[in-house]
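1. Could you work out the structure for the sequence below:
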Amino acid sequence: MSKALASKKALPSKEAGLFRELLNFYETRQLKKGLKTADQILKKFPEHGETICMKGLVLVHMGRREEGIDLVKKGVRLDLTSHIVWHVFGLIQKGEKNYEEALKSYGQALRFDKENLNILRDSANLQTHLRIFDALVETRYTLLRLRPNLRQHWIALSVAHYLNGNLKEAKKVLENYESTLKNVPAHDVEHSETLLFYIRLLEELGEYTEALSVLNTNSKSRAIVDQTAISETRARLLSKLDSPEAEEAWHTLLERNPDCYTYYTGYFASKGLSNLSSPDPSALSLVSTLTTEFPRAAAPKRLALTLSSGEEFKALVEPYITTALAKGIPSLFSDLKSLYKDAEKRDVIEEIAERLKTKYASESSSPTSSSDEEKAEPTTYLWTLYLLAQHHSSLGRHTKALSILDEALAHTPTLPDLHTFRGRVLKRAGDWYGAAKAVNEARLLDGQDRFLNTKTGKYLLRAGMVKEAGEVFGLFTKKDAESPGADLQDMQSMLYLLEEANAHEKNGKPNLAVKKYIAVKKIFDEIEEDQYDFHGYNLRKFTINAYLDLVKWEDKLRSQPAYVTAALSASRIFVAAHDNPELVKSLSASPGLTGAAKKAAKKKAAKKAAAAKAIEDMKKPNQQQNSNEDKGLEPPPPKDEDPDGLKLLASPDILDQAAKLLQPLATLGADNIEVWLGTYDVAIRRGKLLQAVGALDKAKNLDAEHPEVHVRIVDLTFRASKLPEDKAPSEPVKSLFEEALSKLCPPNEVSLETFNSQFFQKRSSEPEAVIAAAKVLKNLEAPVVEVENVLFGLVALESLSVKNALTAVQLLQDIKSSRLEEFRAAYDAKFELSTAFKPESELAAIREKVIVKNASSAGAEGPAEATPATNAT
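-> Next up is the predicted model:
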């Protein structure tokens, strides 16, 4: 905060001194003294805008937010020409995350004090955060002009040019800065980072020779202190220059870390071998040499498996597997499964594993002999069974995998890995309850293992057992948290949020599901906002290269799978709520609750509210005693007025909310067909016809044969034919829409029923295509019998999965088919291991057996609650 006073409405010397004290008290966060000083000034000058603003700012920091903001707004009105009031107003807006308005306020402040360093720095941080790089360059230039002796300002201007895409100017600024340097101390980390940034600029400009020269000069003089960065950059530059020295440079890196695959890629490229993903005799010969050179490294041995084939592969993979099994490496299958793309290699691995199983089984069953030195350890047989079970499960042979796991459990029933993998096999087979039970059995073997606890909670959620999952998660969450779920949400556990949302959808509670999906969206908003502090911090600490990588990563933040899943799922629920206005009413009705149950639910809610109030009351005395505590400028988290998500689903702008969720994915998820299908669904319902046809066109370009593209094409044609005149587009949108329609949709002479029938006949052996044809029939309002006949044709398809069958069940539910139970029975017989199609009476009994509480389970869970380490978050 500037201590300069505005010339207009200047205070007398005594009050001016008090105002300077007020600024100092604010800077040092002596809030009570600052408030007292502000009141002293306002007794004599009650209309002094700057003092009123500062008092409001102090009150906001003390937690009296509404009162403080009112005073700030009043102060701004009283003195519109003061840079202080505008700066204060900008700080308030920044605290509310209203960055665009805060930047406008800073701009107003700079009109009246163009050279205020604090305001300029705050403006630069906001411009970086909002990616307004043109203005950022101007601001950084002004800061450099005002304080050219601070090297931070030179670097900041160069970074601003870099972010603005003007690499030549960024280079020029750094060169001017370097020319001013004198007597740089040895091993100066900040200077080292600056030099690495300069080399990065030269590399991106394509000036590899100059970059290499600068690197060599400064590495010899030890001006660059990061030895790993020196070696990696030199090797990379030599490769780009096609220098014969590149081979030696990469080999030096391999000597330092022979398990880094990036170094192998560079080393092979320097020898003209760029393909490391398929068999190559030349590359295999080179890998063999490296294996001899680095006998303890795993990477060259694993690369050899990828590069070999035939008898060579067989000779290499057997000792690789045998060694790993003898060491008891549980992740062996995860290491090998990328080789399964080659059917021949897959068969070789199976043959070796089966042979080893037979060998070790006979050894483990024969009497122990001290003279037999080559006899394998009993655990080797166990891990061989584990590998074989994983192998068969990955190929869809779930019955075989379970049989092998039974054998392994008979051998060693106390190994958690066997129970967890049994759970995975059952999950793949469609038995989510059996999967949860198996993983819970693994958890009971070690009650203090967080991984097993998390895995159990996840599998319980997969089975739709939300309450039981919460109890399991609660063993390791804070005991004073409102609930285990609330604590996990505070810790930004996206795995938990997505899995619970999926569980709520499975249980027919889309309102609760969408709340969790929106919680994921808020986490990404927080991650994006958290970068603000780094705009200034990284430049102060001169961690320039890491900062630039951070900015690039943040620009692609919402391409993360968690956000994509949450956005697509939430938008799908919003579309369903828009299409079926009765959905929210049916969710609000809670038909399952009896009068007694309703009373119990109200009593429980009242008890929970009373407990929360008691906690708040306990905090209040402490807050009053420490009223000088700085509560910051950010508003407290708002109280959730819609815990069940019903208001959210009932809001009239749900389609607009869905569009906002999907908007970042238009650039960050442009290669994901699901993004464009979701965008179409939202846009067509919002009446955004050009956006809808554009999204569908992009989806078709990505995969014209995708079954859901067929569904959307028919939907678009049907909607266009039924478009009322008052909603028909006007020129020039009309002609553009009709042109796009003619390219996407079937010819006018072909009816939609015929078009769908042709699609079905052509692809009747594909489950997804059959389901798509049934969806089209439903949308075209075809008789229920027709839809049923199409869906019942799925029974004969060998390629049908449990997931496809469940989609078909949902479709039959939507059309209120009278043959639903017949369909369930058919698929219950088809998928013998699955419980997904069991009648509800059987499922209730199965569900009760998932979590079995007995003496052994209590003993296993006891230490987890008693040990402080396991309760820590």
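
2. how about residue 272, phi and psi?
-> phi 80, psi 20 (degrees, to the nearest 10).

3. residue ranges for the helices of the stretch 501-650 of the chain, please.
-> 510-530, 532-541, 544-555, 561-579, 582-589, 595-625, 646-650 (DSSP state H, counting those that start in this stretch).

4. among the ones you listed, which gets the worst mean confidence?
-> Per-stretch mean pLDDT for these is lowest at helix 595-625 (a mean of 54).

5. residue nearest the centroid of this structure?
-> residue 562 (3.6 Å; Cα atoms, centre = their mean).

6. Go ahead and confirm that one touches residue 521.
-> No. Using Cβ atoms under 8 Å, residue 562 is not in contact with residue 521; the gap is 9.8 Å. The way it works is simple: take the backbone N, C-alpha and C, and place the C-beta from them, glycine included.

7. Can you get me a residue count around residue 377?
-> 14 (other Cβ atoms under 10 Å).

8. Below-threshold pLDDT in the stretch 751-873 of the chain: ranges please.
-> The stretch 751-873 of the chain contains residues with pLDDT under 70 at 852-873.

9. Mind doing that once more with 90?
-> Within the stretch 751-873 of the chain, the stretches with pLDDT under 90 are 751, 795-796, 798-799, 814, 817, 827, 839-842, 844-845, 849, 851-873.

10. All the strands of this protein, in order from the start?
-> Here the chain has no strands by DSSP state E.

11. List the contacts of the residue nearest to the centre of the chain.
-> Counting by Cβ atoms under 8 Å, 6 or more residues apart in numbering, residue 562 touches 494, 498, 520, 524.

12. What is the neighbour count of the closest residue to the second one other than its chain neighbours?
-> In this case it means residue 498. Of all residues not flanking residue 498 in the chain, residue 565 sits nearest, at 6.0 Å (Cβ to Cβ, 6 or more residues apart in numbering). Residues lying near residue 565 (other Cβ under 10 Å) number 17.

13. ok, so what distance separates residue 565 from residue 169?
-> 41 Å (Cβ to Cβ, to the nearest Å).

14. Thought residue 499 was touching the residue nearest to residue 498, still the case?
-> No. Using Cβ under 8 Å, residue 565 makes no contact with residue 499, being 10.6 Å away.

15. so for stretch 679-687, what's the average pLDDT?
-> 94.

16. can you list contacts of that stretch?
-> 571-572, 574-575, 578-579, 655-656, 658-659, 662, 665-666, 689, 691-692, 695-696, 699, 712, 715-716, 719, 727.

17. Residue 410: neighbouring residues, count only.
-> The tally of other residues near residue 410 (other Cβ under 10 Å) stands at 9.

18. How about residue 684?
-> Residue 684, neighbours per other Cβ under 10 Å, totals 21.

19. same question, residue 489
-> Residue 489 has 21 nearby residues by other Cβ under 10 Å.

20. Look up the closest residue to it, ignoring the ones flanking it.
-> Residue 489 sits nearest to residue 519 (Cβ to Cβ, 6+ apart), 5.7 Å away.

21. these two touch, right, the one you found and residue 490?
-> No. Residue 519 lies out of contact with residue 490 (Cβ under 8 Å); the separation is 10.3 Å.

22. residue ranges with poor pLDDT in the stretch 301-450 of the chain?
-> By pLDDT under 90, the weakly predicted segments of the stretch 301-450 of the chain are 361-378, 447.

23. Now do the helices in it.
-> 310-327, 332-336, 343-365, 378-394, 398-411, 416-429, 432-445, 450-462.

24. Out of these, which is the most enclosed?
-> helix 432-445 (a mean of 24; mean count of other Cβ atoms under 10 Å).

25. Give me the residues contacting it.
-> 414, 416-420, 422-427, 449, 452-453, 455-456, 459-460, 462-465, 472, 835-836, 843, 846-847, 849-852, 856-857, 860-861.

26. ok, now how distant is the residue nearest to residue 826 when sequence neighbours are not counted from residue 827?
-> The spatially closest residue to residue 826, leaving aside those adjacent along the chain, is residue 795, at 5.2 Å (Cβ to Cβ, 6+ apart). Separation of residue 795 from residue 827 (Cβ to Cβ) stands at 7 Å.

27. what about these two, which has more around it?
-> Each of residue 795 and residue 827 has its neighbours counted (other Cβ under 10 Å); residue 827 has more, 21 against 14.

28. Isn't that one up against residue 838?
-> No. With contacts counted by Cβ under 8 Å, residue 827 stays clear of residue 838, the gap being 10.3 Å.

29. Look at residue 7 and report its pLDDT.
-> Looking at residue 7, the pLDDT reads 41.

30. same question, the one 3 residues further on
-> For residue 10, the pLDDT comes out at 80.

31. where's it relative to residue 53, distance?
-> Taken as Cβ to Cβ, the span from residue 10 to residue 53 is 16 Å.

32. who's more crowded, the two?
-> residue 53 (29 against 13).

33. Please tell me I have it right and the more buried one contacts residue 72.
-> Yes. Between residue 53 and residue 72 there is a contact at 5.1 Å, judged by Cβ under 8 Å.

34. Quickly list what's touching both of the two.
-> 85, 88-89.

35. Leaving aside the residues adjacent along the chain, what's closest to residue 44?
-> residue 15 (6.5 Å).

36. do the same with residue 266
-> Spatially, and ignoring its direct neighbours in sequence, residue 266 is nearest to residue 250 (4.5 Å; Cβ to Cβ, 6+ apart).

37. got the contact list for that neighbour?
-> 235, 239, 263, 266-267, 270.
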